[in-house]
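Student: predicted model and sequence below, questions to follow.
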Amino acid sequence: MACFYSAPVVWNLTAVDNIVQTRIGGRVRTITIGPASVITRHQAVMVARQVIAHARVGHDPATARQRIRGAPRMDDFIAEYWEKCAPTWKPSTQETAGGYRRCHIDGAFPDAYVDSLSEAEVIKWFVALTDRSGPGAANRCLEILRAAFNKAEKWGYRVENTNPCLAVRQNKRNHRTRFLSDDELVRVGAMLAEARSSDDRTLHARASAILLLILTGCRVSEVLGLHWTDLKGKRLLLRDTKTGPRTVWLGDEAREILVSIPRAAKQPWIFWNWRYASPIKSVQDLWAQVRAQAKLRDVRLHDLRHTFASHAVMGKENLPMIGKLLGHALVASTARYAHFDDDHLLEATETIGAAIERAMLTGSL
């Protein structure tokens with residue numbers, strides 16, 4: 001058994017459980033930190049020091065545990081968390097997070113209570129979820145669970161600073177660098193122009209939506225969610241985006257695309273499905289056809305946003321300006337979207353090399 005005392009401190013890390021003992025309110029209290037097979041010595045020491053620090057200001061973790069023994073089961077807690085917190089989220093967040101909850105969180109810990117779920121159990125779930133559904137989905141679910149446990153501590157269901165998700169390391173993110181080159185843009189443009197020349201008004205609208213993605217760098221949901229009232233001259237006033245309401249400035253080409261789209265009577269949506277009399281929800285099927293005809297198998301719709309940012313960088317725009325156009329809150333986010341092709345990198349290398357050579361020659365004279 002590993003024992004930690006406030007004074008004197010005695011270490012013995014050779015047995016089953018890590019515990020900490022300290023005097024609180026005139027009584028010696030013993031708090032179990034966790035099994036030595038799961039928690040490292042460093043982690044045990046950090047927790048022990050926190051317990052002793054709390055004891056010095058009169059906080060008793062053992063009493064806190066007794067107070068929260070009536071904490072709910074995990075599924076009941078998640079349901080309560082959703083009922084209280086989800087109404088404050090954006091509709092898109094509610095839909096996305098709700099899907100992750102239904103598929104990966106509900107029923108994940110059938111026998112666990114919110115106050116006793118351990119870091120080891122969360123890690124086991126996270127690893128299995130990564131193998132089953134991929135690193136991205138696992139990361140998103142972990143973020144949701146971490147936020148829920150923060151609320152559990154705030155609501156008194158768990159001892160403070162015991163969130164079992166905090167020490168779980170997320171999967172490494174694979175940031176894509178794919179964007180369309182000039183030649184690829186020509187091929188895509190030809191396919192979209194052909195679709196927009198069709199008498200099929202729905203096909204025309206879908207092709208126009210994809211073209212607008214390229215010309216504005218907007219997200220798919222931002223474009224397909226547009227209303228005619230959002231169009232104000234050469235601006236789009238987006239009501240709801242990932243970072244909140246924002247303005248998108250339109251060049252002449254983007255403005256002409258929007259003006260060319262036929263309007264459905266008494267309908268607010270710009271991109272309208274005339275065949276089913278409803279807003280267009282997806283352009284993925286048309287993009288798959290365009291991508292196949294243009295021989296671009298590895299390009300996603302979201303890579304059109306990368307394309308906008310990368311061509312802006314190669315056009316000598318600075319990152320703060322591009323971030324403003326994309327609606328990024330942080331320049332670091334913009335930097336992940338902006339990439340260079342080989343020709344621009346070679347041009348930059350030659351320019352820098354020439355400048356260095358001129359400096360060296362000037363210095364030698």
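Tutor: Thanks, I have the structure now. Numbering: from 1, shown residues only.
Student: and the protein, what are its domains?
Tutor: Listed domain ranges for the chain are 17-67, 74-154, 182-343 (source: automatic domain parsing).
Student: now render those as CSV, adding distance to Thr162.
Tutor: (Glycine included, C-beta is placed from N, CA and C.) Below are the domains of the chain laid out as CSV (distance: least, Cβ to Cβ, whole Å):
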stretch, distance to Thr162
domain 17-67, 9
domain 74-154, 7
domain 182-343, 30
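Student: distance of Phe126 relative to Cys103?
Tutor: Per Cβ to Cβ, to the nearest Å, Phe126 is found 15 Å from Cys103.
Student: who has more neighbours, these two?
Tutor: Set Phe126 next to Cys103 and count neighbours by other Cβ atoms under 10 Å: Phe126 wins out with 21 against 14.
Student: I'd say the more buried one and Ala138 touch.
Tutor: Yes. The pair Phe126 and Ala138 passes the contact test of Cβ atoms under 8 Å, sitting 5.8 Å apart.
Student: how many residues are close by Arg146?
Tutor: Number of residues near Arg146 (other Cβ under 10 Å) recorded here: 16.
Student: show me what contacts it?
Tutor: By Cβ atoms under 8 Å, 6 or more residues apart in numbering, Arg146 lies in contact with 163, 165-166.
Student: which of those are buried?
Tutor: Listed as buried from the contacts of Arg146 are 163, 165; burial here means 16 or more other Cβ atoms under 10 Å.
Student: closest to Arg196 among the contacts of Arg146?
Tutor: Cys165 (47.8 Å; Cβ to Cβ).
Student: Validate this expectation: that closest one resides in a helix.
Tutor: No. Read with DSSP: H, G, I helix; E, B strand; the rest coil, Cys165 is coil and lies in no helix.
Student: so which of the domains of the chain comes closest to Gln170?
Tutor: The minimum distance between Gln170 and these falls on domain 74-154, with 4.7 Å, by Cβ to Cβ.
Student: end to end, how far does that closest one reach?
Tutor: Start-to-end span of domain 74-154 (Cα to Cα, to the nearest Å) is 16 Å.
Student: and that domain, what's its mean pLDDT?
Tutor: The average pLDDT for domain 74-154 rounds to 92.
Student: ok, the residue lying closest to Ile280 once chain neighbours are set aside to Met191 distance?
Tutor: Ranked by Cβ to Cβ, 6 or more residues apart in numbering and with sequence neighbours excluded, the top spatial neighbour of Ile280 is Phe271, at 4.3 Å. Distance of Phe271 to Met191, computed by Cβ to Cβ: 18 Å.
Student: same question, Ala128
Tutor: Taken as Cβ to Cβ, the span from Ala128 to Met191 is 42 Å.
Student: more neighbours, these two?
Tutor: Counted by other Cβ under 10 Å, Ala128 and Met191 do not tie: Met191 has more neighbours, with 20 against 13.
Student: next, the buried residues of the helix or strand where that one lies.
Tutor: Assigning secondary structure by DSSP states H and E places Met191 in helix 182-196. Buried residues in helix 182-196, counted by 16+ other Cβ under 10 Å: 185, 187-188, 191-192, 195-196.
Student: repeat that for stretch 236-246.
Tutor: Across stretch 236-246, burial judged by 16+ other Cβ under 10 Å covers 236, 238, 241, 246.
Student: hmm, back to that, which one of the contacts of Arg146 is nearest to Pro110?
Tutor: Looking across the contacts of Arg146 and measuring by Cβ to Cβ, the closest to Pro110 is Cys165, at 18.3 Å.
Student: surely that closest one is in contact with Val122?
Tutor: Yes. Using Cβ under 8 Å, Cys165 is in contact with Val122, at 5.7 Å.
Student: so what's in contact with the two at the same time?
Tutor: In contact with both Cys165 and Val122: 142, 145, using Cβ under 8 Å, 6+ apart.
Student: for stretch 94-113, buried residues please.
Tutor: By neighbour count with 16+ other Cβ under 10 Å, stretch 94-113 contains the buried residues 97, 100-101, 104-105, 108-109, 112-113.
Student: so what touches it?
Tutor: Residues from elsewhere that reach stretch 94-113 (Cβ under 8 Å, 6+ apart): 71-75, 78, 82, 86, 89, 117, 121, 125, 129, 133, 137-138, 140-141, 144-145.
Student: now, the most widely separated pair of the buried residues of stretch 236-246?
Tutor: The largest distance within these, taken as Cβ to Cβ, falls between Leu236 and Thr241 and amounts to 10.5 Å.
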